[in-house]
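J.: Have a look at this fold, sequence not included:
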C-alpha cells in the first residue's frame, strides 16, 4: 500500500512547491524590482547635500517612485500595464565621437579604477576634511597696519551686498586699487 502512495506524495509535494515558487507575488517582486531600485536611488540622493529647491524636487520624485512601486506590488500585471504602460526606455542619440571622448576621459582618470576593479559611486564621492587642525584666516595686513588699513579703506555702498557678478568684480577691483594706493602711502 505504501508503494502506491509514494509517487502520488512526490507529485503533490512538487505541485505545492511549484505553486509557491512561481506564485504571482514572486513575479510581482521581479516585475517591480526596477521601481524599488529607482526609489532606493532617489533616497540615496536625498542623503547627500542639496539646496532647498533640489530637496523639494527629490521629495516629489521619491513620493512618485514610492507610489509607483507600491501600486506595482499590490496590483496584477494587466492592471499595472494598463495604468502605466509597458517599459519604455528613452533613447539618447549620442554621436560616436562624444562616446569615445567620454570613454577616454573616464579611462584616463586613475581614481575610477583601483587595480582592475571599478570603484563604486560612494567611494568616488568621498571627500576628506581634516577636522583636527584649526582653521586660520589671516588678512593681508597685521597689527597697526591692519588698523591703518581699516581707517583708510572706504567700501562703496553697492559693494556691501553685491547683487550680480559684475558688481562683485567691480568691488574686488576697487579693493585691489585701494590696497595699492594704501601701500604707496603707508610706511612702517
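T.: It's in. It should be emphasised that the depicted structure is a prediction, and the values quoted were computed from it without experimental measurement.

J.: And for whichever helix or strand residue 168 is part of, what's in contact with it?
T.: In the assignment (DSSP states H and E), residue 168 maps to helix 165-185. Where contact means CB atoms under 8 Å, 6 or more residues apart in numbering, the residues beyond helix 165-185 that reach it are 140, 148, 149, 152, 153, 154, 155, 156, 158, 159, 162. Where C-beta positions appear, they are placed from N, C-alpha and C, glycine not excepted.

J.: Tell me which of the residues you listed fall in helices.
T.: Judged by DSSP state H, the subset of the contacts of helix 165-185 located in helices is 148, 149, 152.

J.: can I get those in TSV with pLDDT, distance to residue 46 and neighbour count?
T.: Converted to TSV, the ones in helices among the contacts of helix 165-185 look like this (pLDDT from 0 to 100; distance: CB to CB, whole Å; neighbours: other CB atoms under 10 Å):
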residue	pLDDT	distance to residue 46	neighbour count
148	90	51	14
149	88	46	18
152	90	49	13
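
J.: Give the rounded mean pLDDT of the helix holding residue 168.
T.: Computed over helix 165-185, the mean pLDDT rounds to 92.

J.: quick one: buried residues of that helix?
T.: Neighbour counts over helix 165-185 (16 or more other CB atoms under 10 Å) mark 171, 174, 182 as buried.

J.: how much space is there between the last one and residue 149?
T.: In other words, residue 182. The span separating residue 182 from residue 149 equals 6 Å under the rule CB to CB, to the nearest Å.
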